[in-house]
Every structure is written in structure tokens, then in C-alpha cells.
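Student: A structural model of the following input is requested.
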Amino acid sequence: MEYTIRPALQEDMDRILEIYASARAFMAARGNPGQWGTTRPSKERLEADIEAGDLYVVLGRGEIHGVFAFLTGPDPTYQRIYGGAWRYDLPYGVLHRVAGDGSGGIFRAIFAFASARSGYLRIDTHRDNLPMRRAVQRAGFRECGVILTDDGTPRLAYDWRKEFAE
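Tutor: Below is the predicted model:
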């Protein structure tokens, strides 16, 4: 399926909440119940992301199939990294709250969107989120260490930099 991406709107909220509920159930069924628990991301967080212009939806055939936040750094949770280091000290874009409805190719579309807007990206995920870990590694992200989220839980941290031809 071919996807397009646009900023999320408040009127998208019901579908956005459905996608996150589905993603939480998917993660829990595959051994990762702790990343988002049963309530994250909260509706209030998503509304704030929409208001700030940071939340996006992934559309295919006129329907929303995915959702994510794209922000520009610095990200407070990325200030300290443990057991490693960021590979570059450059301005960066951040992908957060990535979720899809199970349709194939959603992360590829998200990565294409983000990498067109920033030559250096960072992302993090729970150690037990094997599907996301595989997706970010396939996209060329490299594991850099561990960060702590705002609630103090650890996440594997990755970065990616556009390589320029010489």
C-alpha cells in the first residue's frame, strides 16, 4: 500500500486512540506489556502533540493506518545516555509514539517522512519491543545505549544519520 502523511487533527482522535489501543494489545501479546501499559500515550499527551503540530497520521486509501510524533531536538530524555553514547552531536529529529494498525510498511513511510526532514534522527524503544527494534535496525538506525524516559523507565536508544556520497 502507498502511504501519505499529514498532521493529525483533533477530529482524528477516535481513530488515533483505536490504533494505540491495538498497538498496546499487540505489544502485550508479544511479551511487551510494560512499554505503554494500558493507558499510554494518554489522550492529553496526544492532544498536546496535535496542538503543537508534532503528531502525524499515516494514510493509505483514505484511511488512517498509523500515527507518530515527530519533533526536533533537543529531547530532555536524550540528554543522558547510559552504557554508550550518541554517535553524533548534531541537531536531530526525534520519532516518538510510533504505532500502526498492522498494515505493512508503516514504519518505512514514517522513516521516509522523518529522514526527508532531518539528516540525523533519534528514536528509542523498550528492550522487549522486538518488532520495533527490527524495524529501526532495518532502516539503518544503530543502537547507542540506554536512555531513561520521563517516568524513569529504560529504553534502548538508536540514532541514524544520512550518509552523504563523496
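
Student: Low-confidence regions, the protein specifically.
Tutor: The chain contains residues with pLDDT under 70 at 164-166.

Student: Spell out, range by range, the helices that occur in it.
Tutor: 13-29, 43-52, 106-117, 130-138 (DSSP state H).

Student: Check the offset of the longest strand along the chain from the chain's centre.
Tutor: With DSSP state E setting the assignment, residue counts place strand 63-72 as the longest strand in the chain. Chain-centre distance of strand 63-72: 8 Å, with CA atoms, centre = their mean, to the nearest Å.

Student: thinking again about what came up before, please identify the most buried of the helices of the chain.
Tutor: Among the helices of the chain, helix 106-117 has the highest mean neighbour count (mean count of other CB atoms under 10 Å), at a mean of 18. C-betas here are computed from N, CA, C, even on glycine.

Student: what angle separates it from strand 63-72?
Tutor: Angle between the axes of helix 106-117 and strand 63-72 is 40 degrees (criterion: axes from the mean of the first three to the mean of the last three CA atoms, to 10 degrees).

Student: what's helix 106-117 packed up against?
Tutor: strand 4-7, strand 55-60, strand 63-72, strand 93-100, helix 130-138 (3 or more CB pairs under 8 Å, 6 or more residues apart in numbering; DSSP states H and E).

Student: Try it again at 10 Å.
Tutor: Where contact means 3 or more CB pairs under 10 Å, 6 or more residues apart in numbering; DSSP states H and E, helix 106-117 is packed against strand 4-7, strand 55-60, strand 63-72, strand 93-100, strand 120-125, helix 130-138, strand 154-161.

Student: other SSEs contacting the second one?
Tutor: Meaning strand 55-60. Going by 3+ CB pairs under 10 Å, 6+ apart, strand 55-60 lies up against strand 4-7, helix 13-29, helix 43-52, strand 63-72, strand 93-100, helix 106-117.

Student: Contacts only, for the nearest residue to Arg155 once chain neighbours are set aside.
Tutor: Leaving aside its chain neighbours, Arg155 sits nearest to Asp124 (3.9 Å; criterion: CB to CB, 6 or more residues apart in numbering). Applying CB atoms under 10 Å, 6 or more residues apart in numbering to Asp124 gives the contacts 75, 77-78, 81, 94-96, 132, 136, 144-149, 154-159.
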